[in-house]
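Colleague: Predicted model and sequence follow; I will ask about them next.
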Amino acid sequence: MKKETISSLVARRAFLRRLGRAAACAGAVAGTGALGVMKTVAAKNAPASGAGSFPTKDYDWTKRRWAFGVDATKCIGCLRCVEACKRENDVPPDAHHFNTWVERYVYLEGEHRPRIDSHHDPVNIAASGSEKEYRFANRYKDAKVEKAFFVPKLCNQCTNPPCVQVCPVGATYKAEDGVVLIDPKYCIGCRYCVQACPYGVRWFNEAKGVSQKCYWCYHRITKGLQPACVEACPVGARIFGDRNDKQSPISQFIRNNRVQVLKPETGNVPNVFYVGIDKEVV
Amino acid sequence: MEPLIHYAPYLGWVYPNETVIEWSVAIVVYPYITGLVAGAFTVSSLYQVFGFQRLKPVAHLALLTSLCFMFFVPLPLLLHLGHPERAFNNLLTPHLTSAMAMFGYFASFYIVLLMVETWFAFRPFIVEQAQRRNGLLGLFYRLLTLGSYDLSEKALRYDKKWIFWLAIAGIPGAHGLHGYVGFVFGSLKAREWWSSDLMPVVFLFSAIISGVALLIVLYVLSCRLRRIPIDLGCVKGLAYTVWAFIMVALVLEGLEFANIIYKGREGVEMIIEYVSGPLLIPYFVLQFAIGAILPLLALSYMIWRGTTGKALITGVTLSACLVLLSVFMMRWNVVIGGQEISKTGKGLLEYQMTIFGQEGLIVAAMLVLAPLVMLVGVTRLFPPWDDAPTPSLVSSR
């Protein structure tokens, strides 16, 4: 009886020793693995694709570093950019799906918070007469306005895009030239990216069953053209170009102004640079 | 016909694209069902692994419940996808940085584990039926034996060992699956209401209480339908389990909310306005007061007073129903609530549930009820009943 107890104790100790060794090995492997995994999954995504000519033979995306500038002091809220974008990119002509939109900030006398509106505001829809026409209603004509300005919004093509991070199938990815693209033939339509974007720039195309967003008119910029909204802007409030080219409009815009980005605390590192916005702009 | 897209009315300032609320009631049902799977599996494991003898009468029922609900877990997601036919892309080319990428693997692994464990648990019954029955049903059982008719003591001991280890592997499996659902929400920094480190554990504990509560209701209901006495010891065991876990769930949910309010980051004013306005009833009244605190008090009272007999059964069953409601409301308040608070931190939206359609109320209700219908069928084929209660504890019906 006693002998049996002792032998079982010995066996148990041996088992525990083996278990300990196995755990140590597993720990070491897991530790090394975890370091690698950490780098991969942290919200700092490497470009998805390597060098090469894409999407046209004349375009090399490794040579470009696109960026966008918005000079809010120039914007007059005419919304030609919105109309141009809707037409160019086949965005549903309603007040709830936008690749780009314009926000209006109005501080009335005696008020500390701005009144903010955009095209989805029922008052603006009523003023234009249709969801397909975009116009700001002249709703403050009888009020004493202290300060007012417009802020165009569009996809920030973040350096660390949370939308790319969360896509379960890799249908959205960051191109070498900095633009975040979506493969509509691969997107499963789960809309996780729509949730993950802190700027609300992604939307879901019900008819096509895929997520969509602004991609700085990639089909145009890869052919040497400007994005549709930039071309349509009558006052030059939208600036676009290649940061690799020191003399490009965007390089000069960033160099000559004190620029800021939206929601920098998210760590997304946006690539749309703003001039002339207010602390209330999010 | 209802229009395809519903625009959400809003107050304050919200981004234009936010006026379409993208995650609907289908995505509320998804974590609810997953939670029931994890919770039911916990009950089964409490018996299989930790030897809670009191839960023996529901151990097999818990396993079947878990299995039936697990079959329906992917369905709300598939109904929600813009391209369900591409769902397998998730398995073929998982994008590993996505919190959602592993879902397919987790779910498949877990379904297989549940099926294997159920097979081992019901093997003696399957063999017996295979030898006894003829016709189509006989063929069905004979196929299920997988050619193994050995019911010797050695073989059964071997089965037991498998069940034990599968149950052990299933605990992190089930809980990982559900904690991971919490991570899908908790890891998003775009929404203050979701972005919480506590989210996975909050999901986990609410899952456990929902599963145990479901088992209470199913057990009592099945005994009534089968006209057999209810094992009071089992009901008590389940009541203790739900009582203990509800406490943890409440503390965690309270802490999560306290963290948001106390830290008071940008946009907290909107959150306060939201919870004290539109969310007052769904959140404070239904989820917390009626769904969690009331059953906790009722269970505490019954445990303290040593309530027994019919009163215990009624009290525990009612408490369980409230817990089931509370957990559903928790899922609703997370999924829908998160989207009703604008990413601008300056506005609130209002989700308008559709009645008909792929992501409407009727389909959502069917998704919750379908596993129960399947369970009725499965219990016919594989009776999980263990009708040998401890004589002293039998209710005097």
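Modeller: Ah, there it is. Computed from a predicted structure; not experimentally measured.

Colleague: Domains in chain A, by residue range?
Modeller: Taking automatic domain parsing as the reference, chain A has its domains at A:1-42, A:162-212.

Colleague: Tell me how far B:Tyr15 lies from A:Val194.
Modeller: With distances taken as C-beta to C-beta, to the nearest Å, B:Tyr15 is found 11 Å from A:Val194. No exception for glycine: its C-beta is placed from N, CA and C like everyone else's.

Colleague: Report pLDDT for A:Arg12.
Modeller: At A:Arg12, the pLDDT value in this model is 60.

Colleague: So which bits of the helix or strand in which B:Phe164 is found are buried?
Modeller: Secondary structure assignment for B:Phe164, by DSSP states H and E: helix B:153-186. Across helix B:153-186, burial judged by 16 or more other C-beta atoms under 10 Å in any protein chain shown covers B:159, B:163, B:166-167, B:170-171, B:173-186.

Colleague: which of these come close to chain A?
Modeller: Taking C-beta under 8 Å from any C-beta of the partner chain, the overlap between these and the neighbourhood of chain A is B:Val184.

Colleague: now the helices for the chain?
Modeller: Assuming you mean chain A. Here chain A has its helices, by DSSP state H, at A:2-41, A:80-89, A:122-128, A:162-166, A:192-196, A:218-221, A:228-232, A:249-256.

Colleague: Actually, chain B is the one I wanted.
Modeller: For chain B, the helices defined by DSSP H cover B:25-48, B:56-72, B:74-80, B:89-92, B:103-132, B:135-144, B:153-186, B:199-226, B:232-263, B:268-275, B:294-305, B:309-340, B:361-381.

Colleague: and the residue of the stretch 101-250 of chain B found nearest chain A, what does it touch?
Modeller: Here the stretch 101-250 of chain B gets closest to chain A at one residue, B:Ala190, 4.0 Å apart by C-beta to the nearest C-beta. Listed by C-beta atoms under 8 Å, 6 or more residues apart in numbering or on different chains, the contact set of B:Ala190 reads A:162, A:195-198, A:266, B:343.

Colleague: again, only using 6 Å
Modeller: When contacts are counted by C-beta atoms under 6 Å, 6 or more residues apart in numbering or on different chains, B:Ala190 touches A:196, A:198, B:343.

Colleague: closest to A:Lys144 among these?
Modeller: Looking at those and their distance to A:Lys144, the nearest is B:Lys343, at 31.0 Å (C-beta to C-beta).

Colleague: wait, the closest one sits on A:Gly200?
Modeller: Yes: counting by C-beta atoms under 6 Å, B:Lys343 touches A:Gly200, with 5.3 Å between them.

Colleague: which residues touch the residue lying farthest from the centre of chain B?
Modeller: Among the C-alpha atoms of chain B, the one most distant from their mean position (C-alpha atoms, centre = their mean) is that of B:Asn134, at 37.2 Å. Under the criterion of C-beta under 6 Å, 6+ apart, the contact list for B:Asn134 is empty.

Colleague: Swap in 10 Å and give it another go.
Modeller: B:Arg142 (C-beta atoms under 10 Å, 6 or more residues apart in numbering or on different chains).

Colleague: Same question for A:Arg243.
Modeller: By C-beta under 10 Å, 6+ apart, the contact set of A:Arg243 is A:64-67, A:177-178, A:250-251, A:254, A:271.

Colleague: which residue sits closest to it in space, ignoring its chain neighbours?
Modeller: Excluding the flanking residues, the one nearest A:Arg243 by C-beta to C-beta, 6 or more residues apart in numbering or on different chains is A:Arg65, at 4.3 Å.

Colleague: Next, give phi and psi for the one you found.
Modeller: Backbone geometry at A:Arg65, expressed as degrees, to the nearest 10, gives phi -140, psi 90.

Colleague: circling back: can you tell me the closest non-neighbouring residue to the residue of the stretch 101-250 of chain B closest to chain A?
Modeller: Closest to B:Ala190 by C-beta to C-beta, 6+ apart is A:Pro198, at 4.0 Å.

Colleague: B:Phe245 contacts B:Ala239, correct?
Modeller: No: using C-beta atoms under 10 Å, B:Phe245 is not in contact with B:Ala239; the gap is 11.2 Å.

Colleague: Those two - which one has more neighbours?
Modeller: B:Ala239 (26 against 23; other C-beta atoms under 10 Å in any protein chain shown).

Colleague: now that one: how far from B:Tyr301?
Modeller: For B:Ala239, the distance to B:Tyr301 (C-beta to C-beta) stands at 11 Å.
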